[in-house]
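In: Have a look at this prediction, sequence included:
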Amino acid sequence: MLGAGAGKLGLPLTPAQMDGFVAYVRLIERWNSAYNLTAVRDPRAMIFQHILDCLAVVAPLRREIGVSGEASLLDVGSGAGLPGAVIAAIEPALRVVCVDSVGKKAAFVTHAAAALGLKNLTALHRRVEDLPPSEPFAIITSRAFASLGDFVASTRPLLADGGVWMAMKGKTPSDELAHLKGVTFHVEPNSVPGLDAERCLVWLRPTKE
């Protein structure tokens, strides 16, 4: 199920990666009983709605910006680490920071990073507006954080020169796009194997002064 879905995305997983994602789902399932990390309760559904949904952005991300040891990604309002933890697992050269204003969710990501040996993954219990802009990020992403306008406004000081926002959305958010200012954008349809739901990525960059 997971291996076949990842293969359809052009991301063949090693046995170690497979084991890691299965362990991650089990961690979410275990913590969910006490901390309500996600509304999805069934582990099989988590594979499609969480793991494969997040893996579906990896190939577009590689195409858009490439991945190197110099690159860094900020996942805003990451909850259980989606998509940040999934991206960190598949891209070990990428420095990934997950930020969430809910302490129990940041604590879970910290625990998951240690349990899964993801040395490139860090979690912060902060409001994104309170993060210092001293270490800007090449990629800033969100999966279910806020409207595009709020997402861009709250994170603009944290975007590196030449950086890009990557917003994971369901249907194309036409109303949100119509109200954007100070950015250029393009919308990319994105499909998730085994998931009968509309998905897209919205790529945004600041307009040049």
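Out: That came through fine.
In: isn't Leu180 right up against Leu148?
Out: Yes - taking CB atoms under 8 Å as the definition, Leu180 is a contact partner of Leu148 at 6.0 Å. C-beta coordinates here come from the backbone N, C-alpha and C atoms, glycine included.
In: which neighbours do these two share?
Out: Leu204 (CB atoms under 8 Å, 6 or more residues apart in numbering).
In: Longest strand of the chain, counting residues only.
Out: Longest strand in the chain by number of residues (criterion: DSSP state E): strand 159-169.
In: More neighbours: Leu180 and Leu148, which one.
Out: Leu148 (22 against 16; other CB atoms under 10 Å).
In: burial count for the residue lying closest to the more buried one once chain neighbours are set aside?
Out: With CB to CB, 6 or more residues apart in numbering as the criterion, Leu148 has its nearest non-adjacent residue at 4.2 Å, and that residue is Glu176. Counted by other CB under 10 Å, the residues lying close to Glu176 total 18.
In: Give the helix, strand or coil label for Glu176.
Out: Secondary structure, DSSP: H, G, I helix; E, B strand; the rest coil: Glu176 is helix.
In: Could you check how far it is from Ser147?
Out: Using CB to CB, to the nearest Å, we find Glu176 at a distance of 5 Å from Ser147.
In: strand partners of the longest strand of the chain, parallel vs antiparallel please.
Out: Strand 159-169 pairs in its sheet with strand 137-142 (parallel), strand 200-206 (antiparallel), by DSSP bridges.
In: Please name every helix or strand in contact with the helix or strand containing Ala114.
Out: Taking DSSP states H and E as the definition, one finds Ala114 inside helix 103-116. Judged by 3 or more CB pairs under 8 Å, 6 or more residues apart in numbering; DSSP states H and E, helix 103-116 is in contact with helix 15-35, helix 84-90, strand 95-100, strand 121-125.
In: The first one: what's the following helix or strand?
Out: Using DSSP H and E, the next helix or strand after helix 15-35 towards the C-terminus is helix 43-46.
In: List the buried residues of that next one.
Out: Using 16 or more other CB atoms under 10 Å as the test for burial, helix 43-46 gives Met46.
In: neighbouring contacts of that helix?
Out: Residues from elsewhere that reach helix 43-46 (CB under 8 Å, 6+ apart): 1, 25-26, 28-29, 38, 40.
In: Would you point out the most distant pair within the residues you listed?
Out: Largest separation among the contacts of helix 43-46 by CB to CB: Met1 and Thr38, giving 18.3 Å.
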